[in-house]
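Peer 1: build me a model:
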Amino acid sequence: MRITVNGKPETVDDGASLLDFIHMKNLEPGKVVIELNLEIVDRKNLGDVLLRENDSLEVVKFVGGG
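Peer 2: Numbers count the residues shown, from 1 in each chain. Okay, the predicted model is just below:
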């Protein structure tokens, strides 16, 4: 199915959860914030929220530096 991630179209498997998406992108769940259709999703719910056709995600990664 088609979704939009950070303004760009992407394809994900039907029935994929946000946690599935995070793993698919090789991201660490504790180091990202996901906004789904303009609402921030609590990390503890990432495995429970299923993606749907035309969903819009904004993904922000935390990086260290100094």
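Peer 1: how close does Gly9 get to Gly65?
Peer 2: Not Gly; residue 9 is Pro. Per CB to CB, to the nearest Å, Pro9 is found 30 Å from Gly65. In short, each C-beta sits where N, CA and C put it, glycine included.
Peer 1: next: Asn54.
Peer 2: 35 Å.
Peer 1: more neighbours: which of those two?
Peer 2: Asn54 (10 against 3; other CB atoms under 10 Å).
Peer 1: just the pLDDT at that one, thanks.
Peer 2: pLDDT, Asn54: 98.
Peer 1: could you do the one 10 residues further on as well?
Peer 2: At Gly64 the predicted local confidence, pLDDT, stands at 73.
Peer 1: where's it relative to Asp20, distance?
Peer 2: Distance of Gly64 to Asp20, given as CB to CB: 26 Å.
Peer 1: more neighbours: the two, which one.
Peer 2: With neighbours defined as other CB under 10 Å, Gly64 and Asp20 compare such that Asp20 has more, 16 against 5.
Peer 1: assign the more buried one to helix, strand or coil.
Peer 2: Here Asp20 is recorded as helix under DSSP: H, G, I helix; E, B strand; the rest coil.
Peer 1: contacting residues for it?
Peer 2: Going by CB atoms under 8 Å, 6 or more residues apart in numbering, Asp20 touches 12-13.
Peer 1: what about 10 Å?
Peer 2: For Asp20, the contact set (CB atoms under 10 Å, 6 or more residues apart in numbering) comprises 12-13, 46-47, 50-51.
Peer 1: filter the residues you listed to the buried ones?
Peer 2: Among the contacts of Asp20, those buried by neighbour count (16 or more other CB atoms under 10 Å) are 12, 46, 51.
Peer 1: how about the contacts of Asp20, which pair is most distant?
Peer 2: Using CB to CB, the two most remote members of these are Asp13 and Leu46, lying 15.9 Å apart.
Peer 1: which stretches of the protein aren't confidently modelled?
Peer 2: Filtered on pLDDT under 70, the chain yields the residue ranges 66.
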